[in-house]
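Engineer: structure, please.
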Amino acid sequence: MTMSWLFAQIRTFRAMRKTYFFEAREEIAHKNLELLRMLSVVVFCLNLILLLITPFLITGWRISGLYWLFLILSGAMALCSHFFLEKISMKPRAVMGCCLVFEVVVIGCCMMIDVFPYPKSISTFMAPLLVIAPAMFILPLFLHVSLLSGLYILYAFLEMHVKPFRNAQIDLFSGLIGLLFGILVAFTITNFRVREGIAKNQYKRLSTMDQLTGLYNRATIVDLMTKAFATQSDEPEKVFVLIDLDDFKRVNDQWGHQTGDFVLERVGAILRECFGKGDAIGRSGGDEFMILVARKLSRHDLVLLLDDVEARVIGILAERGEQVSCSIGVIIWDGISTFSEMFRYADEALYSAKRNGRSCIVVEKASDRRTDEAEQKPTLFSL
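Structural biologist: Coordinates of the predicted model:
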């Protein structure tokens with residue numbers, strides 16, 4: 001019973017880790033890049049300070065080539081992290097690779113310093129570094145364990161071939177203790193970060209998503225569209241789509257609110273399936289949905305896409321012999337219209353579709369709507 005519970009906990013934690021590192025990969029990359037910048041400067045400064053004060057603390061100590069190499073490498077990493085890594089800030093795998101390289105360089109240099117300059121001395125840096133390393137960056141647990149284990153094996157090989165047997169035994173024992181504590185630290189920190197990250201993502205999802213449909217809620221979709229239409233463009237490729245279910249009140253009255261919720265949930269799933277990942281889809285309220293198509297589509301392809309949406313919506317309650325239809329108003333952006341203008345144009349197009357008998361799609365250009373409004377404005381003459 002205890003073993004079954006333990007294995008269940010391990011599977012649950014593994015699934016949580018996988019979910020966290022996938023959903024928060026861009027946020028993790030941003031944090032790791034900030035940590036890399038900070039740690040590279042800290043390592044360089046600590047290295048420089050130790051080189052300056054160690055001769056006064058240890059009689060007869062001299063700076064060897066390995067110390068200069070470590071100082072040069074830490075300085076180079078500090079410069080690269082501040083001036084050359086901004087381009088990879090949105091590439092999670094590249095950032096993770098840079099973090100791993102940083103850890104390997106730092107621990108590797110300290111390993112060389114522990115082993116080669118003074119082979120008859122006891123190692124100083126390796127054991128503490130194996131404990132501290134998992135706290136440096138946000139990395140998957142298996143990477144932490146693999147990296148620490150691999151470095152310890154290399155450390156053991158060098159110790160046994162360079163140092164006297166007794167000294168090597170002492171260093172390997174302290175290093176093994178550091179490795180075990182490092183793995184424990186890695187597990188603890190990863191567990192904490194995963195749970196905190198999942199809780200944060202759940203809160204973010206609750207505050208930005210409509211719980212019934214799984215789409216953006218009204219506040220979020222309005223904010224996204226406001227930003228999308230805030231900047232004018234000479235080559236606009238955005239489309240505003242407004243969808244409203246026809247006579248949805250009848251569905252609630254005849255079949256009950258549970259069926260109405262089922263219809264809304266299915267509409268949300270249909271919209272996610274039909275539109276692309278780069279498109280923003282939201283439920284703006286009740287039975288109304290707003291979509292921002294942020295990619296280049298011809299008018300023909302756009303109509304085919306919306307025809308597919310309409311056909312799928314009609315089939316939601318087909319098994320019950322009931323038909324749910326929708327009216328769709330579509331406005332093609334002109335590059336200058338704001339969100340409020342685009343919403344007004346789309347709303348007018350939607351009600352044109354309603355007036356045309358419902359279950360209809362009306363596609364218009366924002367530029368045509370703007371021209372029509374300009375022509376309808378009364379001209380004032382002064383006498």
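
Engineer: okay, CA-based contacts and neighbour counts for the rest of this
Structural biologist: Noted.

Engineer: low pLDDT regions in the protein?
Structural biologist: Per-residue confidence for the chain (pLDDT under 70) gives these ranges: 1-2, 86, 88-90, 373-383.

Engineer: may I have stretch 153-172 exported as CSV, CA atoms only?
Structural biologist: Backbone C-alpha positions of stretch 153-172 (Å, rounded to 0.1, in the frame of the first residue of the first chain) are rendered in CSV as follows:
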residue,chain,number,x,y,z
ILE,A,153,32.4,11.1,-12.1
LEU,A,154,34.9,13.3,-14.0
TYR,A,155,36.0,14.7,-10.6
ALA,A,156,36.5,11.2,-9.2
PHE,A,157,38.5,10.2,-12.3
LEU,A,158,40.9,13.2,-12.0
GLU,A,159,41.3,12.8,-8.2
MET,A,160,42.3,9.1,-8.5
HIS,A,161,44.9,9.8,-11.2
VAL,A,162,46.4,13.1,-9.9
LYS,A,163,46.2,13.1,-6.1
PRO,A,164,47.6,10.7,-3.5
PHE,A,165,45.2,7.9,-2.6
ARG,A,166,44.5,9.1,0.9
ASN,A,167,43.8,12.7,-0.2
ALA,A,168,41.6,11.4,-3.1
GLN,A,169,39.6,9.3,-0.7
ILE,A,170,38.9,12.3,1.5
ASP,A,171,38.0,14.5,-1.5
LEU,A,172,35.7,11.9,-3.1
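
Engineer: check the offset of it from the chain's centre.
Structural biologist: Taking CA atoms, centre = their mean, to the nearest Å, one finds the center of stretch 153-172 at 43 Å from the center of the full chain.

Engineer: show me where the stretch 101-250 of the chain has its strands.
Structural biologist: Ranges of strands in the stretch 101-250 of the chain, per DSSP state E, counting those that start in this stretch, are 239-245.

Engineer: those strands in the stretch 251-383 of the chain, which residues are they?
Structural biologist: Ranges of strands in the stretch 251-383 of the chain, per DSSP E, counting those that start in this stretch, are 280-285, 288-293, 326-332, 361-365.

Engineer: mean neighbour count, those strands: which tops it?
Structural biologist: Stretch with highest mean neighbour count among these: strand 326-332 (a mean of 26; mean count of other CA atoms under 10 Å).

Engineer: got the angle for that one vs strand 288-293?
Structural biologist: Here strand 326-332 runs at 30 degrees with respect to strand 288-293, directions being taken by axes from the mean of the first three to the mean of the last three CA atoms, to 10 degrees.
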